[in-house]
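Visitor: Quick one, fold the following:
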Amino acid sequence: MSFYDEISANKRRTILLVFLFLVLVTFLGYVLGVVYGNQYFGLILALIVGVLYFLFSYYAGSSTILAMTRAKEATKPEYTHLINTVEGLAIAAGLPKPPKVYVINDTALNAFATGRSPEHAAITVTTGLLEKMNKLELEGVLAHEMSHIKNYDIRVMMLAAVLVGITVLLSDFLLRSFWYSGHGDRRDKGGGALILVFALALAILAPLIGELIKLAISRKREFLADASGAQLTRYPQGLADALKKIKNDPDPLVDYANKATAHLFISSPFRKSKMTFQNLFSTHPDINVRIKKLEEM
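Guide: Here you go, the predicted structure:
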């Protein structure tokens, strides 16, 4: 697929994620309604809350993520080189305007892009990344994040985070509502058992659903951003060398990252795990494979 085909595919994935979001909220609302004895009330309530949550996340999701990660807007003269580099790459990428630039005070080597469109986007880097990367390596990382913006990955990733968050929230609320709603006195044993099965299944499967949604944001997104970033800088080795430093970071944990936003980062913001099962649900492709592909370009 060409870069333009990939961008079109991302727009289609956006529509699919919105559809899945509405279907999931509708289903959870119905079950919540059954728990409270009026499925129609629960359905309408969940739809209203879901639509409002979606609209808030779509228009304010980026600022919320920046606030959650304690990101501060970069200003001159302290971050003149960083801002100028982002502006130069934005011009080279043909973006309508440069993304806003933010910095997280954290020793981990990491970065991410967020926003709902190239016109409303931001790039965030950690202070650790700024301190450890040379000029070419930093440019490679920023080009990677700029590619996420140009390819509309940021919109898909933001909606995935919304979907994960609302799934976990509603599932937990459903389980708590069941236990505290006096179900034993209000419905027969068969109905109560059925609702219990639904509530327990949703509560147990919510984290798994979240991980599967992150996997739906294909690992090829990272490969595409690597390739697009290398094309932008005309120097694949810069990003490859940056990924090597990120790979060997002794403390990769980003303090204010969480599972709902982990897939936004250029590399996992959590400490490395050797557990094969966890690796199967990784939100990022193997960093060694990414380095190899870049060095072969």
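Visitor: wait, what's in contact with Gly42?
Guide: Applying CB atoms under 8 Å, 6 or more residues apart in numbering, we find Gly42 in contact with Gly29, Tyr30, Val31, Leu32, Gly33, Val34, Val35, Tyr36. All C-beta spots, glycine's among them, are computed from the backbone N, C-alpha and C.
Visitor: Any buried residues in the strand or helix carrying Ile48, and which?
Guide: Element membership for Ile48, per DSSP states H and E: helix 39-68. Neighbour-count burial for helix 39-68 flags Gly42, Leu43, Ala46, Gly50, Tyr53, Phe54, Ser57, Gly61, Ser62, Thr64, Ile65, Leu66 (criterion: 16 or more other CB atoms under 10 Å).
Visitor: And for stretch 115-125?
Guide: Neighbour count says stretch 115-125 has Gly115, Arg116, Pro118, His120, Ala121, Ala122, Ile123, Thr124, Val125 buried, by 16+ other CB under 10 Å.
Visitor: what ranges do the helices span in this structure?
Guide: Assigned by DSSP state H, the helices in the chain fall at 3-36, 39-68, 80-93, 127-132, 135-150, 153-180, 183-186, 189-216, 220-233, 236-247, 276-280, 287-295.
Visitor: for the helix holding Ile48, what is the average pLDDT?
Guide: Averaging pLDDT along helix 39-68 yields 82.
Visitor: picking that back up, farthest pair in the buried residues of stretch 115-125?
Guide: Within those, Arg116 and Val125 form the most distant pair, 20.2 Å apart (CB to CB).
Visitor: How much space separates Ser282 from Leu89?
Guide: According to CB to CB, to the nearest Å, Ser282 and Leu89 sit 27 Å apart.
Visitor: With neighbour numbers in mind, choose between these two.
Guide: Leu89 (24 against 16; other CB atoms under 10 Å).
Visitor: neighbours of the closest residue to the more buried one other than its chain neighbours, just the number please.
Guide: Among residues not flanking Leu89 along the chain, Met146 sits closest, at 4.8 Å (CB to CB, 6 or more residues apart in numbering). Neighbourhood size, Met146 [other CB under 10 Å]: 29.
Visitor: Looking at stretch 106-125 now, give me its mean pLDDT.
Guide: Here the average pLDDT along stretch 106-125 is 95.
Visitor: For the protein, which element, helix or strand, carries the lowest mean pLDDT?
Guide: Scoring the helices and strands of the chain by mean pLDDT, DSSP states H and E places helix 183-186 at the bottom, with a mean of 48.
Visitor: on that earlier part again, list just the one of the helices of the chain that sits closest to Leu253.
Guide: Of the helices of the chain, the one closest to Leu253 (CB to CB) turns out to be helix 127-132, at 10.8 Å.
Visitor: Phe98 reaches Asn84, doesn't it?
Guide: You called it Phe, but residue 98 is Pro. No. Between Pro98 and Asn84 there is no contact under CB atoms under 8 Å: 9.8 Å.
Visitor: sorry, back to before: ok, the residue nearest to Leu89 - contacts?
Guide: Going by CB under 8 Å, 6+ apart, the list of residues near Met146 reads Val86, Leu89, Ala90, Ala93, Leu95, Pro99, Ala113, Ile123, Gly229, Leu232.
Visitor: go on, Gly238?
Guide: Counting by CB under 8 Å, 6+ apart, Gly238 has contacts Leu136, Glu137, Glu139, Gly140.
Visitor: my guess is the last one meets Thr233, correct?
Guide: If I follow you right, that is Gly140. Yes. Look at Gly140 against Thr233 with CB under 8 Å: they come within range, at 6.0 Å.
Visitor: Can you pull the residues that touch both of these two?
Guide: Leu239.
Visitor: Among the two, which residue is more densely surrounded?
Guide: Neighbours per residue (other CB under 10 Å) separate Gly140 from Thr233, with Gly140 holding more: 26 against 19.
Visitor: still on that earlier bit, give me the more crowded residue out of Pro98 and Asn84.
Guide: Ranked by neighbour count (other CB under 10 Å), Pro98 and Asn84 place Pro98 first, with 18 against 13.
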